[in-house]
Structures are given as C-alpha cells and as structure tokens.
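Undergrad: how would this look folded up:
(4 chains)
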Protein chains: 2
Amino acid sequence: MLPQQRQEQIIRALRSDGAGGVKVLAERLGVSEATIRRDLEQLHEQGRLTRVYGGALAVDGHDEPFAEVSAVQAEEKDRIARRAAELVEDGQSVLLDIGTTALRLAHHLHGRRVTVVTSNLAVLEELQNDDAVELVLLGGFVRRSYRSVVGYLTEECLRQIHTDWLFLGTSGVRPDGRVMDSTLIEVPLKRAMIRAADKVVLLADGTKFPGHGIAKVCEPDELSIVVTEQAADPRTREQLAEAGVEVVLA
Amino acid sequence: MLPQQRQEQIIRALRSDGAGGVKVLAERLGVSEATIRRDLEQLHEQGRLTRVYGGALAVDGHDEPFAEVSAVQAEEKDRIARRAAELVEDGQSVLLDIGTTALRLAHHLHGRRVTVVTSNLAVLEELQNDDAVELVLLGGFVRRSYRSVVGYLTEECLRQIHTDWLFLGTSGVRPDGRVMDSTLIEVPLKRAMIRAADKVVLLADGTKFPGHGIAKVCEPDELSIVVTEQAADPRTREQLAEAGVEVVLA
DNA sequence: CTAAATATGAACGAGTTTGCGTGATAGCGT
DNA sequence: ACGCTATCACGCAAACTCGTTCATATTTAG
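TA: Model (predicted):
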C-alpha cells in the first residue's frame, strides 16, 4: 500500500471514529507504530487532523467538501502556503484573505511574532490561542457558509489599517494575468485589501493557471509576488513576469 | 482510549446528567479516581465544567471560557439573562457587550429572528451556527483572555451602526446609581456602545448592588432599563428609579 | 547496473500519563 | 464544637508514548 493511500485510510478512520490511537492504527493498517507517527505528523502539518498524546483526533467542525477529492492538491496548497509564510519576517503585519488558502497560511504562522489582520473566522479560530501572534479582526456581517465577515463595515475597517503584506486567494488567473473571482460580494473587499497593504501576494496552485471567474479582482501589475508551483501554465507565468510580478515556485 | 476522548466522554456525561461524581465516572470509564480528578481539574481550567466537592457540574450553554462563578450565581445570572432576552422583539437589533453576562443573553436568543451586533467572541461562537440570528461582528484587536475585540477599530465600527438595544454588563453599580467598570480599556468602548443604541439595558446580579470599580462607564440617566433581582440593594434601586430608570426584577 | 532518494522498522533515552499510598481537608451528623 | 467518613492533593513508581537515530529494504534516476 502506498503511503498516500495509508494516510487517506487514517483520515477516513478518524472521520468515522472521531479519534484513533497510534497502536490501533498501526495494527489495523499493518505497519509499525513509528510509521503511523510519521504519518500523523505529516497530516497534522497539513492541518488534516489534530495530533494528541497517544494518537490523533479528527479535525473538528467544518468539513472541507473538496478535501476528499484530491489529497495531492491539498499537499500542493500546503507547500505554497508554507513557502508564502517564509516571506514574512518577524515583527511584520499580515492581512489574510478569506478562504482555505489563507487558513493554511495561518497554520504556518503559528509561533511567529507577527500581526495578523483578517476577515477570516477560520483564521481567528486557528490563531486564537497562539500567544505569539497579535490578532486583529475586521468587523462586518457574518457569512456562515464562508466563515468570514463581509460588507461595508469590513471595508470601513480596512480603510483604518495598513499592513506589510496581503495574501490573496483566487478562483483563477486568466492567461493575460488578470486575477479573477467567482463570488461578486468579495470583490470590493479584495480591492480594499489590496489598497490596505504594501506588498500583495497571490497564492494559486497549478489548477488556477489559467482559470476563470466572473469578476475581475485586479490587474497583474497590482500584484507584487505570486506563489505557485511548477505545474502552473508557463504562458500565464510569463505574462505575470512581464507585468513586473515576481513569480515564486514552491 | 485517548485522554482527550475520555475527557469528551466526561463532558458528554455531564451534559446528559447535569452532574457526575468522581467515583461514578471512574467506574464508567474504567480508570482510577485519581485520573478522573486530573481530568476534571484540566477541564475545569478550560472552563468546560465546574468542579465541586465529590465531582463536577455541567456549565450551562456550552463552552464557557471563563467560568469562575459559583453554580448559584450562575443560576441567578441565567434568570436575569432570560428575562432580558424577553425584552427583545423579533426583527429588532441587539448590541452585546463583552463578558459572560452578554454570553448568557446570547444563549437565550437562539432561534430568534434578531440581528446581533457584538465584540464578544464567545457570542460569535455561540450564535455562529444559528441560521435565525443575523450576526454582525465588530472589528478590533483580539484580547485572548477576555475573548473579545477592543481598540479604535472597534470604536470606529460602532460609529457606523445603530441598534435598538444595548445590553451591558458591569463590575458594579455605585450606591448613587453610577455604572462602574474595573478595566479601563473597555470604558471608551462601552461609551461608544451607549451612543450606538436606542435603549440601554444594564444586566446586574445582586452582588453588583452596590459595587465598585475604577472607571465610570455612565450616569444612571443614560440607562433605560436595569434587569436585576430581589437580592439587589433597595437603596441603589431607589436611586436608579429616581433617575428615570425602569428596574426589572428577574 | 549503480547511486541516490525515499520509506520502513527497531532501538533507545526522554518525557507523559496512570494508579496507588499517604497525610491533609471538606462536608455532615450529633 | 466534635468526630466520622468521604474526598482531595501530592509524591512516587510503573507503564506507556514520543522523537531521534540508525540500519535495512524499496523505489527512482542516471
């Protein structure tokens, strides 16, 4: 059995039981406890479960509906998020977009002495108990399905602050380098975020290059850095580079 | 079974029975009483239950982050919160202060078709999954120990909104009817809240009459209603009534 | 085919949890 | 107030778990 398959089995086991001990998992999957520990460590890094003494717990609450579809994509997104987190230096401030991409980035900011500003309620939950991170929450109307706040209050809050970095997710980047989104209500917010940050970083895995969306978020020249991966369409990457965007491969 | 799983079982047992003895829990879960005591101690520190001699009590609502209060006071505060919730009619908007008092009130707003505006992160958690309640979150710096947001961002948000009701907690009401607080940083916020609401309701159990605090939040004539209980000091109640405040006994 | 990279299992010291014994403390009836 | 009993906190030893290191097996690349 491949390691990937085994890790998927672990996730499935946790989903059904809620928790699992190292010894039990080792027996059920026919590998040593050491291997299970290594698997649990990796899965914990990816935020797919919570490691506890003696085993692991299923990550509570919001199931990610697409997480099952592609474990590979999850890993790629995680690599991108980790690489992006390395851009931030201690003492700097970071503005985090809504969405799972920003959540993954937040995961890699644990223990860092940084200031995190966000409208992402999942990020709030992730960093709430981390004493190292200074947390600033944007106000607004709570959108349950997206675990975020939106609306004019959020924009008003954004007018009051300025950060070193903004990390943006996207639904797709068009071949000409334009950043698109599929949910209209978020576009004014993303625009306001771009205005509120010094350096704008776009996080996009290979499947977003090229990609489409109904609404234009910004032109390529408004971006400072794009963090993506090898798999991303070379022509789009070229377009971005021409617009003066630094393309970082994770 | 993992320690975490066992502790979840304890919580579940308390939720169904309301209380549980150390000996009973030890037998049911198949561990020694010493282990149960250690579990109860940890859960008590997390505020997930109330430790009492011989066992533990369930806290009302769910995760109550800062539960240092006795079971008796909890019951009184709950009565006050329930009575206060009855003041609100469907379709109205409610501004909720930080603290456990407001959290209890939020608990009684479950299923009501109201709009709740708050800087209280515990309230956010409480009402996050309630589709009936429209939730608006105020922005600001996250204060972990108080589970709230504060700062100029919060005040700025408050300038943008107006609600039908404000429900205020307090550290004490002086004999002359002045509302006091012990944490200076919250005072400007409470003032801003008072400006942002039509009707101001103070929630105060008997132990707050009379009470003291470093900073003055407001004069009695800025209050519309005070919800309290029989045990409250009669002279203070008289002073409030003279200032035109309606005193409601829960 | 060889060499490098990766995955696995075993072993070991360090750290964590558990159960039990002891003396101290709280609740309760008289 | 007094004593009885149940409960508690603390310390200790045993069992368990963890991360690391190292050797071996398997896969990948050249």
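
Undergrad: okay, CA-based contacts and neighbour counts for the rest of this
TA: Noted.

Undergrad: The most centrally placed residue in chain A is in what secondary structure piece?
TA: In chain A, the centroid-proximal residue (C-alpha atoms, centre = their mean) is residue A:101; its distance is 2.1 Å. Per DSSP states H and E, residue A:101 falls inside helix A:100-107.

Undergrad: pLDDT averaged over that helix - what is it?
TA: The average pLDDT for helix A:100-107 rounds to 87.

Undergrad: Do it and chain B come into contact?
TA: No. Residues of helix A:100-107 contacting chain B under C-alpha under 8 Å from any C-alpha of the partner chain: none, with a closest distance of 15.4 Å.

Undergrad: re earlier: contacts only, for the closest residue to the residue nearest to the centre of chain A other than its chain neighbours.
TA: Distance criterion C-alpha to C-alpha, 6 or more residues apart in numbering or on different chains; nearest residue to residue A:101, sequence neighbours excluded, is residue A:169 at 5.9 Å. By C-alpha atoms under 8 Å, 6 or more residues apart in numbering or on different chains, the residues touching residue A:169 are A:97-99, A:101-102, A:202-204.

Undergrad: pLDDT wise, what is residue A:169 at?
TA: 89.

Undergrad: OK, contacts around the residue nearest to residue A:55 when sequence neighbours are not counted?
TA: Spatial nearest neighbour of residue A:55, chain neighbours left out: residue A:21 (4.0 Å); criterion: C-alpha to C-alpha, 6+ apart. Residue A:21 sits next to A:54-56, B:1-2 when contact means C-alpha under 8 Å, 6+ apart.

Undergrad: circling back: for the contacts of residue A:169, which one is nearest DNA strand D?
TA: Set against DNA strand D, the nearest of the contacts of residue A:169 by C-alpha to the nearest atom of the strand is residue A:204 (24.2 Å).

Undergrad: Up against DNA strand D, what does chain A have?
TA: A:21-23, A:34, A:37, A:41, A:52-55 (C-alpha under 7 Å from any atom of the strand).

Undergrad: would you list these in CSV and tack on pLDDT, distance to residue A:216 and secondary structure?
TA: Formatted as CSV, those follow (pLDDT from 0 to 100; distance: C-alpha to C-alpha, whole Å; DSSP: H, G, I helix; E, B strand; the rest coil):
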residue, pLDDT, distance to residue A:216, secondary structure
A:21, 92, 47, strand
A:22, 94, 48, helix
A:23, 94, 51, helix
A:34, 92, 49, helix
A:37, 94, 44, helix
A:41, 91, 39, helix
A:52, 93, 43, strand
A:53, 94, 47, coil
A:54, 92, 48, coil
A:55, 92, 45, strand
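
Undergrad: most surrounded residue in the contacts of residue A:21?
TA: residue A:56 (27 neighbours; other C-alpha atoms under 10 Å in any protein chain shown).

Undergrad: tell me the SS of that residue?
TA: The three-state label given to residue A:56 by DSSP: H, G, I helix; E, B strand; the rest coil is strand.

Undergrad: Pull the contacting residues for it.
TA: So residue A:56 contacts A:14, A:19-22, A:40, A:49-50 (C-alpha under 8 Å, 6+ apart).

Undergrad: for DNA strand C, what are the nearby residues on chain A?
TA: Checking chain A against DNA strand C by C-alpha under 7 Å from any atom of the strand, the hits are A:1-3, A:30-35, A:53.

Undergrad: give me the subset of the residues you listed touching chain B.
TA: residue A:53.

Undergrad: In ChimeraX, select just the buried ones from the residues of chain A next to DNA strand C.
TA: In ChimeraX, a selection of the buried entries from the residues of chain A next to DNA strand C looks like this (16 or more other C-alpha atoms under 10 Å in any protein chain shown):
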select /A:33
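
Undergrad: and the least confident of the residues of chain A next to DNA strand C?
TA: For the residues of chain A next to DNA strand C, the pLDDT minimum is residue A:1, 72.

Undergrad: quick one: contacts for that residue?
TA: Contact analysis of residue A:1 by C-alpha under 8 Å, 6+ apart lists nothing.

Undergrad: So what pairs up with residue A:115 in the strands?
TA: Assessed by DSSP bridges, residue A:115 has beta-bridge partners residue A:93, residue A:134.

Undergrad: Surely it touches residue A:133?
TA: Yes. Residue A:115 is in contact with residue A:133 according to C-alpha atoms under 8 Å; the separation is 5.8 Å.

Undergrad: on that earlier part again, tabulate the residues of chain A next to DNA strand C in JSON lines, adding columns for secondary structure and distance to residue A:147.
TA: As requested, the residues of chain A next to DNA strand C are exported to JSON lines (DSSP: H, G, I helix; E, B strand; the rest coil; distance: C-alpha to C-alpha, whole Å):
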{"residue": "A:1", "secondary structure": "coil", "distance to residue A:147": "36"}
{"residue": "A:2", "secondary structure": "coil", "distance to residue A:147": "34"}
{"residue": "A:3", "secondary structure": "helix", "distance to residue A:147": "32"}
{"residue": "A:30", "secondary structure": "coil", "distance to residue A:147": "39"}
{"residue": "A:31", "secondary structure": "coil", "distance to residue A:147": "38"}
{"residue": "A:32", "secondary structure": "coil", "distance to residue A:147": "39"}
{"residue": "A:33", "secondary structure": "helix", "distance to residue A:147": "36"}
{"residue": "A:34", "secondary structure": "helix", "distance to residue A:147": "36"}
{"residue": "A:35", "secondary structure": "helix", "distance to residue A:147": "35"}
{"residue": "A:53", "secondary structure": "coil", "distance to residue A:147": "29"}
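
Undergrad: Of the residues of chain A next to DNA strand C, just say which sits nearest to residue B:84.
TA: residue A:53 (43.8 Å; C-alpha to C-alpha).

Undergrad: hmm, back to that, strands - which of the contacts of residue A:56 land there?
TA: Here DSSP state E is the test, and these give A:19-21, A:49-50 as lying in strands.

Undergrad: Helix or strand for residue A:192, just tell me which one.
TA: Using DSSP H and E, the element containing residue A:192 is helix A:187-195.

Undergrad: That helix packs against which elements?
TA: Applying 3 or more C-alpha pairs under 8 Å, 6 or more residues apart in numbering or on different chains; DSSP states H and E, one finds that helix A:187-195 contacts helix A:152-159, strand A:163-168, strand A:215-218.

Undergrad: List the pairing partners of the second one within its sheet, with orientation.
TA: Taking DSSP bridges as the criterion, strand A:163-168 forms sheet pairs with strand A:93-96 (parallel), strand A:197-203 (parallel).

Undergrad: Give me whichever of these is most buried.
TA: Comparing the strands paired with strand A:163-168 by mean neighbour count (mean count of other C-alpha atoms under 10 Å in any protein chain shown), strand A:93-96 comes out on top with a mean of 25.

Undergrad: Of all the strands paired with strand A:163-168, which one is nearest residue B:174?
TA: Closest to residue B:174 of the strands paired with strand A:163-168, according to C-alpha to C-alpha: strand A:93-96, at 42.4 Å.

Undergrad: any idea how far the closest one is from the chain center?
TA: Chain-centre distance of strand A:93-96: 13 Å, with C-alpha atoms, centre = their mean, to the nearest Å.
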